[in-house]
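K.L.:
Please find the sequence and the predicted model below.
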Amino acid sequence: MELGNIIFGQMLTDEAIEHIMTLEEIMELGNIIFGHSRGEYQIERGTGFEKALIRLFAAYAPNRDNSWREYGVEFVNDTFEVHPYYWGDCTCGWDFFDSGHLKLERLEHRPDCYQSDYHRTYESAGHNHNKQIELLRDVYKCFGWDTSSPDWWHGCAIRCSCDYHQRYESILDEYTQSFGCKGHKETCLLVRPNFIHKPSGYKIMWYKYPLRDSYANQKLSLKQFNKIINECISTI
């Protein structure tokens, strides 16, 4: 399931709501919505990984423009690759498939879904959030949802009680069969890693600049990472 799908209300299960809360604790909101920095292991900033990368940047591009911030200059050889954060559009065609996912855009919740009650209470409360929360308490009880905790209403705008999610997945499966994969292709510039060490397969993705909200596909110590950087520098 694509993250944009979760954030913009397509995946509306309790599991999705919990997932969003978790993401907001560990990932920048801008990255969640607009960025593509993803990976199994988060890289903590200020732990030495940035300095190691800057050593590499200085080695292969000593005359780079460093007047504002170090982004990393495009570089590729047989051992490693560095690609600055990509600000452009999808290059594989996924974002434009079915005229920009038209079937998904037109997909709606069932008339008896909780979403209908949510929008009704929003209008009844005069677009006042606090008043709407009080109206939603009775709606939650009708659906058998707990309202005993202080934050019971968190995620109220994206809950769902119908089969919207299942129908959404069905359309995605249809897209996958026609497009060839579910989501962007590995060659798409939107999801291309910003740093790749080819011998080990180690990859890093960052948000806007190194190593802002960065994630890697392997967990390395700083010592191990410096060893990789030293190897990369030796090939320049």
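P.N.:
Noted; the coordinates are in hand.
K.L.:
and the closest residue to Ile236 other than its chain neighbours, how many neighbours?
P.N.:
Using C-beta to C-beta, 6 or more residues apart in numbering and skipping the chain neighbours, the partner closest in space to Ile236 is Tyr60 (5.0 Å). Every residue, glycine included, has its C-beta placed from N, CA and C. Using other C-beta atoms under 10 Å, Tyr60 is surrounded by 17 other residues.
K.L.:
need the contact list for Tyr60.
P.N.:
Applying C-beta atoms under 8 Å, 6 or more residues apart in numbering, we find Tyr60 in contact with 73, 75, 82, 233, 236.
K.L.:
among those residues, which two are most distant?
P.N.:
Distance extremes for the contacts of Tyr60: the farthest pair is Val73 and Ile233 at 14.4 Å, using C-beta to C-beta.
K.L.:
Break down the chain into its strands, ranges please.
P.N.:
41-43, 75-76, 80-82, 195-197, 202-205, 214-216 (DSSP state E).
K.L.:
okay if I get the ones you listed as TSV plus mean neighbour count?
P.N.:
Output for those, formatted as TSV (neighbours: other C-beta atoms under 10 Å):
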stretch	mean neighbour count
strand 41-43	16
strand 75-76	14
strand 80-82	21
strand 195-197	20
strand 202-205	22
strand 214-216	22
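K.L.:
what ranges of this protein fall below the confidence cut-off?
P.N.:
Residue ranges of the chain with pLDDT under 70: 1-35, 64-70.
K.L.:
Kindly present the strands of the chain as TSV, with separate columns for distance to Gly100.
P.N.:
Shown next, in TSV, are those (distance: least, C-beta to C-beta, whole Å):
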stretch	distance to Gly100
strand 41-43	31
strand 75-76	31
strand 80-82	30
strand 195-197	30
strand 202-205	24
strand 214-216	27
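K.L.:
Of all the ones you listed, which one comes closest to Arg106?
P.N.:
strand 202-205 (31.9 Å).
K.L.:
if we can go back for a sec, out of the strands of the chain, which gets nearest to His184?
P.N.:
strand 202-205 (12.5 Å).
K.L.:
In terms of secondary structure, what does the closest one contact?
P.N.:
In terms of contacts (3 or more C-beta pairs under 8 Å, 6 or more residues apart in numbering; DSSP states H and E), strand 202-205 is packed against strand 195-197, strand 214-216.
K.L.:
Can you check which of those gets nearest to His36?
P.N.:
Proximity to His36 (C-beta to C-beta) singles out strand 214-216 among the helices and strands packed on strand 202-205, at 10.2 Å.
K.L.:
Tell me how this structure divides into domains.
P.N.:
1-35, 41-86+192-236, 99-179 (automatic domain parsing).
K.L.:
what's next to stretch 181-200, contact-wise?
P.N.:
Residues from elsewhere that reach stretch 181-200, judged by C-beta under 8 Å, 6+ apart: 2, 36, 38, 53, 72, 78-86, 88-95, 172-173, 175-176, 202-206, 210, 218, 228, 231-232.
K.L.:
Just the buried residues from those residues, in ChimeraX please.
P.N.:
Selection of the buried residues among the contacts of stretch 181-200 in ChimeraX, burial being defined by 16 or more other C-beta atoms under 10 Å:
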select :36,38,53,72,79,80,81,82,83,85,91,92,94,172,175,202,203,204,205,206,210,228,232
